[in-house]
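[1] Sequence and predicted structure are below.
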Amino acid sequence: MRTRITLACTECKQRNYNTTKDKKTHPDRMEVSKYCRFCKRHTTHKETK
Ligand SMILES: [Zn+2]
C-alpha cells in the first residue's frame, strides 16, 4: 500500500513536494535531494507528517 507523504526542505522548512511512498520499502522517514525553489538549489528534503 502506498502512503501519501509531504517532503519539506531541511534548510528553509518549506513543504515543496507531495508524493507517495511504499511503507515496505521505506519504513523510516525518506530523505531525498530535490530542487527547492525557495533556496534556488538542490537541498535535502525530508518526509514530514
Ligand atoms: Zn529550501
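    Happy to help now that I have it. Residues are numbered from 1 along each chain as shown.
[2] from here on, contacts and neighbour counts on C-alpha atoms
    Will do.
[3] If we ignore the residues flanking it in sequence, what's nearest the most centrally placed residue in the chain?
    Nearest residue to the geometric centre of the chain (Cα atoms, centre = their mean): Leu7, 2.3 Å. Nearest residue to Leu7 in three dimensions, chain neighbours excluded: Glu47, at 4.6 Å (Cα to Cα, 6 or more residues apart in numbering).
[4] Name the strands paired with the strand or helix carrying that neighbour and say parallel or antiparallel.
    For Glu47, the host element (DSSP states H and E) is strand 41-48. Take DSSP bridges as the rule and strand 41-48 pairs in its sheet with strand 2-9 (antiparallel), strand 31-36 (antiparallel).
[5] which stretch among those comes nearest Lys24?
    For the strands paired with strand 41-48, the distance to Lys24 is smallest for strand 2-9, at 8.9 Å, taking Cα to Cα.
[6] And the average pLDDT for the closest one is what?
    For strand 2-9, mean pLDDT is 96.
[7] buried residues in the helix or strand just after it?
    Counting by DSSP H and E, the next helix or strand C-terminal to strand 2-9 is strand 15-22. Buried positions in strand 15-22, judged by neighbour count with 16 or more other Cα atoms under 10 Å: 15, 17.
[8] Who does strand 15-22 pair with, and is each partner parallel or antiparallel?
    If you go by DSSP bridges, strand 15-22 pairs up with strand 2-9 (antiparallel).
[9] Contacts made by the partner strand with the rest, please.
    14-23, 36, 43-49 (Cα atoms under 8 Å, 6 or more residues apart in numbering).
[10] re earlier: tell me what the residue nearest to the centre of the chain is bridged to.
    Counting by DSSP bridges, Leu7 forms beta bridges with Tyr17, Glu47.
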